[in-house]
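A.B. asks: no FASTA, just this:
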């Protein structure tokens, strides 16, 4: 299945949201805030400087909230796909467990000298049960 091509806005929001979480972002924001307050030293009235700063910070907060929500939406869509895949794996594990139980029981009934095979099948059965338990834990944690 081919991947859906992202729009320019999706790509830009992804890059910007990623960049916001970097040390370069902290440096750029710090430089911006220092630059705004330096305007006072050049004779700009404090009330105008604070108005500019407040407006800029408010606009940035609005856009960051939008970009973060876009990221949450992308992540939710991605997790829905993972949930479906894990559900399919769960069904396969259930089927394998039933098959291995049947095979294991057949060997136990047929001949006692097949202990090595029986033990291997029981080990596989135990591992499948552990996988089911792990999937159950993931479901309880809400990871899918």
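C.D. replies: Perfect, thanks for sending it. Bear in mind the structure is a predicted one, so any value in this text is a computation, not a measurement.
A.B. asks: Low-confidence regions, the protein specifically.
C.D. replies: 1-5, 101-114, 142-144 (pLDDT under 70).
A.B. asks: Next, name the residue at the spatial heart of it.
C.D. replies: The centre of the chain sits closest to residue 75, judged by C-alpha atoms, centre = their mean, with a distance of 5.8 Å.
A.B. asks: What helix or strand is that residue located in?
C.D. replies: Using DSSP states H and E, residue 75 maps to helix 46-110.
A.B. asks: Give the other helices and strands that that helix contacts.
C.D. replies: Judged by 3 or more C-beta pairs under 8 Å, 6 or more residues apart in numbering; DSSP states H and E, helix 46-110 is in contact with helix 8-20, helix 23-41, helix 115-140. Using the backbone N, CA and C atoms, a C-beta is placed for each residue, glycine as well.
A.B. asks: what angle separates that helix from helix 23-41?
C.D. replies: 170 degrees (axes from the mean of the first three to the mean of the last three C-alpha atoms, to 10 degrees).
A.B. asks: Can you give me the buried ones in stretch 85-101?
C.D. replies: When burial is assessed from 16 or more other C-beta atoms under 10 Å, stretch 85-101 yields the following buried residues: 90, 93, 97, 100.
A.B. asks: Next: stretch 131-144.
C.D. replies: 131, 135.
A.B. asks: now it, how far from the chain's geometric center?
C.D. replies: Relative to the chain's own centre, stretch 131-144 is displaced by 15 Å; criterion: C-alpha atoms, centre = their mean, to the nearest Å.
A.B. asks: and if you look at stretch 62-72?
C.D. replies: Centre-to-centre, stretch 62-72 and its host chain are 16 Å apart (C-alpha atoms, centre = their mean).
A.B. asks: Much appreciated, bye for now.
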